[in-house]
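1. A predicted structure for the sequence below; I have some questions about it.
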Amino acid sequence: MSRNQKTLAMRVLEGHNIPYTAFYYDVPEHLSAAEVAAVIGLPPEQTFKTLVVMPDRPAAKPILVLLPGDSQLDLKKLAAAAGEKKMQMAPHREAERITGLEKGGISPLALLDRHYDVFVDETAILFDQIEISAGKKGAGVLAPVAPLLRLLNAMLVDLSTTV
């Protein structure tokens, strides 16, 4: 991805007058959120990955979860917060099919028009800004937390379990 190419996520932020810093990085195969953090020079706990999670009931809409790069999702905590009995991670191919975005490039900003429920780990408020995917593999945005949460209509909850 070229350094001056804007993604849908970047245009969404601009359209809502939310300042951001764009990051572009080379992705050999796949980088974990912690590896992305190292490449762009941020701590892994400030670099949030987007997970696609499925409620365990027929025809349920997927839920998007933003989680720090150094954490793992606690599915029981998410189910309780979402009012669901049980939840499971969408397999990578399924997440790509559902969102139309490539693994490593799934961003809630690029999926705003789908009106998915978005849950963000409560540790996001420890930072003025967090980094999330810009909707394309190899691109991210560092954006202020409060306006980002409002734009995503996100629920801030304790979702992580330490690795």
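-> Okay, I see it.
2. Spell out which residues sit in contact with the one residue sitting closest to the centre of the chain, please.
-> The centre of the chain sits closest to residue 50, judged by CA atoms, centre = their mean, with a distance of 2.7 Å. By CB atoms under 8 Å, 6 or more residues apart in numbering, the contact set of residue 50 is 64-66, 106-108, 132-133. Using the backbone N, CA and C atoms, a C-beta is placed for each residue, glycine as well.
3. Leaving out the residues flanking it, which one is nearest to it?
-> In space, and not counting its chain neighbours, residue 50 is closest to residue 106: 4.6 Å by CB to CB, 6 or more residues apart in numbering.
4. so which of the contacts of residue 50 comes closest to residue 144?
-> residue 132 (11.7 Å; CB to CB).
5. Checking my notes, residue 101 in a helix, right?
-> No. Looking at residue 101 with DSSP: H, G, I helix; E, B strand; the rest coil, it is coil, so not inside a helix.
6. Now for it: which residues touch it?
-> 107, 110-111, 135-136.
7. again, only using 10 Å
-> Residues in contact with residue 101 (CB atoms under 10 Å, 6 or more residues apart in numbering) are 8-9, 50, 52, 95, 107, 110-111, 133, 135-137.
8. And for residue 10?
-> Contact analysis of residue 10 by CB under 10 Å, 6+ apart lists 20, 22, 107, 109-110, 134-136, 139, 141, 143.
9. Could you report the neighbour count for the residue nearest to residue 50?
-> Neighbours of residue 106 under the rule other CB atoms under 10 Å: 26.
10. and it, helix, strand or coil?
-> Counting by three-state DSSP, the backbone at residue 106 sits in coil.
11. Closest one of the contacts of residue 10 to residue 45?
-> Residue 45 has its nearest neighbour among the contacts of residue 10 in residue 143, at 16.0 Å by CB to CB.
12. So the most far-flung residue of the chain relative to its centre, which state does it fall into?
-> Ranked by distance from the centre of the chain (CA atoms, centre = their mean), the top residue is residue 58, with 24.2 Å. Three-state call for residue 58 (three-state DSSP): coil.
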